[in-house]
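1. Predicted structure and sequence below. I'll ask about it afterward.
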Amino acid sequence: MERRTSKTGAAVEKIEKTSNGGVLITATGLQGEGNGNEYRVQLDGLPAEDQTHRRLKNRHIQLIGIGGTVGTALFVQIGSSLTQGGPASLFLAFTIWSSFILAISYCLSEMVTWIPISSPFVRFADRFVDPALGFCAGYNFFALQAALVPFEVTAFNLVLQFWTDKIPLVAVIFFVLICFAALNLFAVRWYGGKVTLALCMMAFTFVTMVGGNPLHDKYGFRNWDPSKVPGAPFAEYIKEGSLGRFLGFLACFIQASFTIAGPDYVAMAAGEAEYPRRNMPSAFTSVFYRLTTFFVLGSLCIGIVVPYNDPDLLNALSNARPGAGSSPYVIAMEHLHIRVLPHIVNALILTAVFSAGNSYVYCASRTLLGLALEGKAPKILTRCNSNGVPIYCVGVTLAISLLSFLQVSNNAAVVLQWFVNLVTASQLLNYAIIAFTYLRFYK
């Protein structure tokens, strides 16, 4: 048979009809099964049991990546890092960590574009390194994503308390989990992230710093000036002197490692992406540049609008003020006597939290699906409904999300910190596994 090159860029060796009316495509290093706009690809020697559908467009993939990253960490929790390291340390930490994310993005983009399968980097570790590493990578990432779901549910309740604490906590948790179940079981294409809040906060910073505020205060970079704010722009943390400033930077760097992500969420959509050879590279590139803009400029804006040693910010963090009450942006609005914007910010944070939680349910369920396809989880988890959604994987993920009820008997901020501590190390381990897998893949 004559050797041909497909539209996806693969060198096609043989094309055969299958018993179910589909097409079996054998290419160099790849096997696939396609019908219409669907193109199913698998690793050599692996069973074709993936029943998910390729219905996610480029826009959906980007929204999953952005929606799973932009949340409370960028607008609320980042204030804690500002008080520890100061504005310059915060900005440098987020800028430097973005270079790590760029490297991970390029690694995943190359591997996933070549082999666009469900739960890709988990199965790549099995294929290119060792089955034991694949097992470790899969359950590490599943634990990471599954723990982030109750994290966002807890954050949702915390944000809602900005307006009222009269709504029963149990009702809030049930409402959020039922919405997650409905969106993930019946509408695989309905995923999104909220970038409106990030853009609004950048615009707020620029307008108010040049005098566009009720006080007509042109404060500019006043909070970076050591003559106006003692200790700025590099704050001391725990220790004094150079060591203290380094520890402050290190605290900001740890926060950046938890806050900035994205490429792993994009990769998880590879198994359900339309025309993955065409859409995945552009999705990786677009998500990286958008998120880098949001996080790097966001960290800069935080250090502009409020000083790192602001008493109101310190009190809000120590007293765990609900919702946007602990956000440096809201505190800056209160200083400038802007009354309406805090409620708008809180509403946008609420939608961002919900969107992030929805993306985490998607990624956790697809990770579990990948483990089941590799034989590292019960085979029943590979079953999908008519929409191509792995219903049992979604069910297991939502069952773990019931950990959200821990906040019924504990302070919500305390429970939130438990989940942060749990997932930070897992995320760094996940990136290390991806990088090592790529080295083996390239070899």
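-> Sure thing, it's come through. Numbers count the residues shown, from 1 in each chain.
2. Find the nearest non-adjacent residue to Gly244, please.
-> Glu236 (3.3 Å; Cβ to Cβ, 6 or more residues apart in numbering). Where you see a C-beta, it was placed from the backbone N, CA and C, and this is true even at glycine.
3. Where does pLDDT dip in the stretch 251-400 of the chain?
-> 320-325 (pLDDT under 70).
4. Helices of that one, residue ranges please.
-> Applying DSSP state H, counting those that start in this stretch to the stretch 251-400 of the chain gives helices spanning 263-268, 276-305, 311-318, 328-335, 341-373, 391-400.
5. do you know which of these lies nearest Ala198?
-> For Ala198, the closest of the helices of the stretch 251-400 of the chain is helix 276-305, at 4.4 Å, according to Cβ to Cβ.
6. and the closest one, what does it pack onto?
-> In terms of contacts (3 or more Cβ pairs under 8 Å, 6 or more residues apart in numbering; DSSP states H and E), helix 276-305 is packed against helix 58-67, helix 78-114, helix 196-209, helix 241-259, helix 263-268, helix 328-335.
7. Can you lay out those as JSON lines showing distance to Thr292 and mean neighbour count?
-> Below are the helices and strands packed on helix 276-305 laid out as JSON lines (distance: least, Cβ to Cβ, whole Å; neighbours: other Cβ atoms under 10 Å):
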{"stretch": "helix 58-67", "distance to Thr292": "11", "mean neighbour count": "24"}
{"stretch": "helix 78-114", "distance to Thr292": "5", "mean neighbour count": "22"}
{"stretch": "helix 196-209", "distance to Thr292": "12", "mean neighbour count": "18"}
{"stretch": "helix 241-259", "distance to Thr292": "12", "mean neighbour count": "19"}
{"stretch": "helix 263-268", "distance to Thr292": "11", "mean neighbour count": "28"}
{"stretch": "helix 328-335", "distance to Thr292": "20", "mean neighbour count": "24"}
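8. Out of these, the one nearest Glu274 is which?
-> Glu274 sits nearest to helix 58-67 of all the helices and strands packed on helix 276-305, at 7.9 Å, using Cβ to Cβ.
9. Which other helices and strands does that closest one contact?
-> Checking 3+ Cβ pairs under 8 Å, 6+ apart, helix 58-67 ends up next to helix 263-268, helix 276-305, helix 341-373.
10. so which of those helices is the most packed in?
-> Greatest average neighbour count among the helices and strands packed on helix 58-67 goes to helix 263-268 (a mean of 28), per mean count of other Cβ atoms under 10 Å.
11. For that helix, which outside residues touch it?
-> The contact list for helix 263-268 (Cβ atoms under 8 Å, 6 or more residues apart in numbering) reads 61-62, 64-65, 68-69, 101, 104-105, 108-109, 112, 119-121, 141, 280, 283-284, 287-288, 359, 362-363, 366-367, 430-431, 434.
12. 6 Å - rerun?
-> 61, 64-65, 68, 104-105, 108, 112, 120-121, 283-284, 287, 363, 366 (Cβ atoms under 6 Å, 6 or more residues apart in numbering).
13. and the one helix or strand Thr437 maps to, average pLDDT?
-> Per DSSP states H and E, Thr437 falls inside helix 412-442. Averaging pLDDT along helix 412-442 gives 79.
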